[in-house]
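K.L.:
would you be able to build a 3D model of this:
(chains A and B)
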2 protein chains.
Amino acid sequence: MKPETNFDDHDFKKNGRVRTVILNPPSLQDNIADAERLTGALAQQLKTRHIYLDQALMPTLSRRLRKWDYQARCLFNIDGANLRVSHLMGPRDDRILAGVAVDLGTSRIVLRLVNLADGQHLAETSFDNPQINIAPDVLARIHFCETGNDGLSKLRSLVVDALNSHIKTLVEDQGLSVEDVYFMTMAGNTTMTHLFLGLDPHWLIREPYIPVVNRPGLIGTRSLGIKIHPRANIYIFPNIGSYFGGDLIAGILYSGLYKSEETAILVDVGTNAEVVLGNKDWMMACAGAAGPALEGGVTKMGMMAGSGAIDRIKIDPVTGEFKIHIIDEIQPVGICGSGVIDLAAALFKAGLVDIRGKLIPKHCQDRFSEKNGIQFLQVVPAKDSATKEDLAITQADLDSLIRSKAAMYTILETISTTMGISLADLSTFYIAGTFGSFINPESAITIGMIPDLPLERYHSLGNSSLGGASMALLSHTMQAKAEKIRDEITYLELNVNQEFMNRFSAAKFLPHTDPGRFPSVKNY
Amino acid sequence: MKPETNFDDHDFKKNGRVRTVILNPPSLQDNIADAERLTGALAQQLKTRHIYLDQALMPTLSRRLRKWDYQARCLFNIDGANLRVSHLMGPRDDRILAGVAVDLGTSRIVLRLVNLADGQHLAETSFDNPQINIAPDVLARIHFCETGNDGLSKLRSLVVDALNSHIKTLVEDQGLSVEDVYFMTMAGNTTMTHLFLGLDPHWLIREPYIPVVNRPGLIGTRSLGIKIHPRANIYIFPNIGSYFGGDLIAGILYSGLYKSEETAILVDVGTNAEVVLGNKDWMMACAGAAGPALEGGVTKMGMMAGSGAIDRIKIDPVTGEFKIHIIDEIQPVGICGSGVIDLAAALFKAGLVDIRGKLIPKHCQDRFSEKNGIQFLQVVPAKDSATKEDLAITQADLDSLIRSKAAMYTILETISTTMGISLADLSTFYIAGTFGSFINPESAITIGMIPDLPLERYHSLGNSSLGGASMALLSHTMQAKAEKIRDEITYLELNVNQEFMNRFSAAKFLPHTDPGRFPSVKNY
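P.N.:
Predicted coordinates for the structure are as follows:
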């Protein structure tokens, strides 16, 4: 699985955010004002209307245009229905116009520094979301805002300060200054975005789950306390609702699903599974709880994908030996989501669990143990682990994983059935997020978490939130597309009704009550 | 001649800038965000798209909407192609939402305070443009900006400070505070507008006469130093060029010419004569030097229309007695533009000047004198004047007036000929500005300054610049119309070629070389 990109050099040259315009010098026969001369030329080049100049550019405009022989480089943004030129430079000014794309994750924040003029990626950095120190997840952070001690401001400041400090380092490492950053884009889930903007998240988690805003749009960074160029703006990706945020809109943009001829699906797997199904003509989205098991969040040995995490496991069908891969190939600390899925698939294929996912003690042999009524399967013995304790999972962990995978599959089945699409007909199955970079689709198919498609139809998008944010950073048309994608998506409110529960029950087997759905798994 | 208005209570109710929206409360089936719920309801009411909320409204939006039971009053502006809600109030909040319309004249600045919610005019004030103390006219002020001592800032500060102080008094006299002023509109000529915005006026008076901007649009008042509500905006009327400013666009809006079925003309008479000819389908504008004589600016006894100015004169055909009307009916100080035109017409009708405008000494009798080769006609003897000197005009004053009136007529003839319209076919002849309020069309026809139309076709608009600014203040559709009017006008660059000079020469007679054009004057 290779990361996809659907914004290449050609697109950049056609749709880049920095343009050079060459104006006809004024004459008695052509005495339009300087501002409208510039926006008119740009309008012609961009084949659009409603182009305006920032007021701040006006006082120096006439003198600069004349000095530049009626040529200028323009950096522009989309502000609602207006295209707004925010900065002007001389045609031969070779200073770097930098931009920063932000993936505002609940756990991790990733920044990418780009050259807005040539599309080059200059540098990247990432750091833990400092809000973690106050509250680990979205729900806890929203509750923190409600404690009455100015919680929202505190959470907001944490992120703003961290962004300022990391942006500073990021640009200075490239020999630039923060004042060289003229534009930013940010994709994050709806709660993270609300917290960043200082918007009360109270109603996000209360029925009927209403955000303050769906389309935050373009905002002056100064008003948000972001210390880059004083007249820079930030574009915030729109959301469809409390549970379908800008990170996913960015992912859809990045994947190109919105312009696909054939029907495809994009899945972001985590505590919540977010799914969008569609093609260039229609898109339907839904989100549902899949359970933390898929993030490696339940089992005692669970951890985020990172150094020391077991991310891949196979069991030798002849020797029964566990073949374990550890990120950075050090002694294992724990197991991440993809490792858990690999493990479950391997156990199933090796006959160590039955089709209900229950450990079969006699097949597990020495690896099986039971203490205080809890059944364990040893994955790594204490002597080989970094913690010097057994790395083991319990039957409860496996049960939890099976509920999660069943939920995931049920969500996929529900949305595709709603649209009258057979999962087998999906042309492409995009998996977004870090999880998508690690997951082994074969294992996920083996446990019946995702449909039994030919493996080449699976595409990992990597950090598609950052990818989409970078595209919108480099191109105003991509910024406009993000808004258009949002507007074109129909959100399907998942009804946990009898039908859903029936599907869920059927999906709680390995790979499924109906093995005919997973012909490739039948062969084992 | 009565002032026209083409924006009445009906228009206000339909197009007012303050709207109450009643929202459907959110539900699981209708979980759009609060911001988009509000803008969506407003979009439906206003039958438009692209409505956005000011970012500053977001942090309190959700709490307020719920407190207000999903009802709100919105104040909105047009910002390019966006309609922007700038302020929100509770549905039962009865605070006055005030607005100020500004006529930014070169000599005089007029402010009108209105209630944006009900359209009521609350108060008005006017004061001399303090820039007069530095430089009397547009040209001198532009030169002052070029002295290098931060002239532009000085001129700008003078107007901004005066506006702040007079707005304060204006609103406080009504028991309001400056913070109650949420919106402003301003109409002024292109130079005055540039100086107010801090835009370099250097190129306005240099061929090919290029403004910095034609459509300044909507600007935050705080960035301009105007002390009203901190998040208030000001809408600046657009210009067509250096010599056809926002005051005239406001005048066209106020007159309704832009929507007239029949072809009409609007004339603003001053040192420059600005003319727009057209109807709902097309408009053509031009501007030309008419000479200061029409403003009473040349003759030694000339003055602006105001207390003590002779504004109307007749000569009794039997007794030859001068019947003089003075503004405020005090002793006369001088003569204003309309008085000069009346005087010239009266002198011509009474036979005291010939068709070339030359004084006929024997007909002038005692009123005629000659000193150092200069011929004088006494209008008011020293004993009756406030200055205790003779109020008299010279032959040179009359010559100057005749050149001015000939220029005016030639401009009218040129623009109408260009469009293939006969002046006699004009349905309405609007006269804008203070001058228009005082001028006696009969006298202006007598001297051949304006065409010999039935008097009922002449309409004085009064302060049409303030009138148009008030309309745009009260209604966003009027604001949009002002921009549309600007875009629809074709500007005719007056070519002072042989044809123009021939017309001008023919117009330098009273009323014209071709008296057949002025049948009503022939009767005298």
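K.L.:
C-alpha from now on. contacts and neighbour counts both.
P.N.:
Fine.
K.L.:
let me know the average pLDDT across stretch A:404-420.
P.N.:
Average pLDDT, stretch A:404-420: 94.
K.L.:
which positions within it qualify as buried?
P.N.:
Buried residues in stretch A:404-420, counted by 16 or more other Cα atoms under 10 Å in any protein chain shown: A:404-416.
K.L.:
neighbouring contacts of that stretch?
P.N.:
A:273, A:275, A:277, A:284-294, A:422-423, A:447-451, A:492, A:500, A:503-505, A:507-509 (Cα atoms under 8 Å, 6 or more residues apart in numbering or on different chains).
K.L.:
mind saving the C-alpha coords of the helix or strand of chain A with the lowest mean pLDDT as CSV?
P.N.:
The weakest-scoring helix or strand in chain A, judged by mean pLDDT, DSSP states H and E, is helix A:433-438 (a mean of 75). Extracted in CSV, the C-alpha atoms of helix A:433-438 (Å, rounded to 0.1, in the frame of the first residue of the first chain):
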residue,chain,number,x,y,z
GLY,A,433,-4.7,8.0,9.4
THR,A,434,-1.7,6.5,11.0
PHE,A,435,-3.7,3.4,11.6
GLY,A,436,-4.0,3.0,7.9
SER,A,437,-0.2,3.1,7.4
PHE,A,438,0.3,0.2,9.7
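K.L.:
what packs against it?
P.N.:
When contacts are defined as 3 or more Cα pairs under 8 Å, 6 or more residues apart in numbering or on different chains; DSSP states H and E, helix A:433-438 sits against helix A:337-349, strand A:458-462.
K.L.:
pick the most buried one from the ones you listed.
P.N.:
When the helices and strands packed on helix A:433-438 are scored by mean count of other Cα atoms under 10 Å in any protein chain shown, the highest mean neighbour count falls to helix A:337-349 (a mean of 27).
K.L.:
interface residues of chain A facing chain B?
P.N.:
Within chain A, the positions near chain B by Cα under 8 Å from any Cα of the partner chain are A:26-29, A:31-36, A:50, A:52, A:55, A:58-62, A:80-82, A:198-200, A:207-215, A:219, A:240-241, A:493.
K.L.:
repeat that with 7 Å
P.N.:
For chain A, the residues in contact with chain B (Cα under 7 Å from any Cα of the partner chain) are A:26-28, A:31-36, A:50, A:58-59, A:62, A:80-82, A:198-200, A:208-214, A:241.
K.L.:
tell me which of the residues you listed fall in strands.
P.N.:
Within these, residues falling in strands by DSSP state E are A:N82.
K.L.:
what's the ChimeraX line that selects buried ones from the residues of chain A next to chain B?
P.N.:
The buried residues among those can be selected in ChimeraX (16+ other Cα under 10 Å) with this line:
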select /A:26,31,32,33,34,35,36,58,59,62,80,81,82,198,199,200,208,209,210,211,212,213,214,241
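K.L.:
please, which helix or strand holds A:C74?
P.N.:
strand A:71-79 (DSSP states H and E).
K.L.:
show me how far the helix or strand harbouring A:T169 is from its chain's centre.
P.N.:
Per DSSP H and E, A:T169 falls inside helix A:151-172. Chain-centre distance of helix A:151-172: 20 Å, with Cα atoms, centre = their mean, to the nearest Å.
K.L.:
what of stretch A:214-226?
P.N.:
20 Å.
K.L.:
not counting whichever helix or strand comes after the least confident helix or strand of chain A itself, show me its contacts.
P.N.:
Using DSSP H and E, the helix or strand that follows helix A:433-438 towards the C-terminus is helix A:441-446. Outside of helix A:441-446, the residues within contact range by Cα atoms under 7 Å, 6 or more residues apart in numbering or on different chains are A:I341, A:D342, A:A345, A:I450, A:P451, A:D452, A:L455, A:P511, A:V521.
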